[in-house]
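In: pasting the sequence and the predicted model now:
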Amino acid sequence: MNNLIEKKYKEKTIYKGKAISFRVDTIVLPNCKKATREFIDHHGAVALLAVDDEENFIFVRQYRYPVKEVTYEIPAGKLNYKGDNFLKRAKAELEEETGYKAKSIRHMIDFWPTPTFSNELLKIYLATGLVEGKSHPDEDEFLNVIKIKSTKAIDMIKSGVIKDAKTIIAILYYFNFIRRGL
């Protein structure tokens, strides 16, 4: 294992924004040679698969500028700062984006969306016992809240309508582990 570890020699922040920073670090390779690693430094993010009593998933539809499409996604958001509380942020995002509150929120899975060029850790939660309310998204966030039958969501993945990685992971995890009681 130690023959794979790269060690930071020098850190250089190229850009520092509210949500991310871009770094170019000089590292020492296992063979003691130096190289650079360009990557996005990210606070982390949360997402929730919100499931109502009829096994509908609560999705948000929104335009994503980088891909120039309206997407189907589970509610999600980034942490406000390093060390922010993931569960607290998840509860807040669910209510902000969808208006729903959940009687039960439990952790499902953690993953790195793009470990090649980002250190973002995304934690996905399962939200059940939903109580409907009024959403209050951020002022620069325009979205529609929709319910989709869980089985239809699988078809939407297969047909390429749902392309968002966190949404696909959450749905497949739900069907393969939660629903099967594993």
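Out: Thanks, I have the structure now. Numbers count the residues shown, from 1 in each chain.
In: buried ones in stretch 163-177?
Out: 164, 166-171, 173-174 (16 or more other CB atoms under 10 Å). Where you see a C-beta, it was placed from the backbone N, CA and C, and this is true even at glycine.
In: can you list contacts of that stretch?
Out: Applying CB atoms under 8 Å, 6 or more residues apart in numbering, the external contacts of stretch 163-177 come out as 47, 49, 51, 57, 59, 67, 69, 71-74, 76, 108-109, 111, 113, 122, 124, 126, 150, 153-154, 157, 162, 182.
In: picking up where we left off before, could I get the buried residues of stretch 163-177 as JSON lines with pLDDT and secondary structure?
Out: JSON lines is the format used below for those (pLDDT from 0 to 100; DSSP: H, G, I helix; E, B strand; the rest coil):
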{"residue": "D164", "pLDDT": "98", "secondary structure": "coil"}
{"residue": "K166", "pLDDT": "98", "secondary structure": "helix"}
{"residue": "T167", "pLDDT": "98", "secondary structure": "helix"}
{"residue": "I168", "pLDDT": "98", "secondary structure": "helix"}
{"residue": "I169", "pLDDT": "98", "secondary structure": "helix"}
{"residue": "A170", "pLDDT": "98", "secondary structure": "helix"}
{"residue": "I171", "pLDDT": "98", "secondary structure": "helix"}
{"residue": "Y173", "pLDDT": "98", "secondary structure": "helix"}
{"residue": "Y174", "pLDDT": "97", "secondary structure": "helix"}
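In: of all those, which comes closest to Y9?
Out: K166 (33.0 Å; CB to CB).
In: elements contacting the one helix or strand M108 maps to?
Out: Secondary structure assigned from DSSP states H and E places M108 in strand 101-111. Packing contacts for strand 101-111, counted by 3 or more CB pairs under 8 Å, 6 or more residues apart in numbering; DSSP states H and E, involve strand 45-51, helix 86-98, strand 122-131, helix 165-173.
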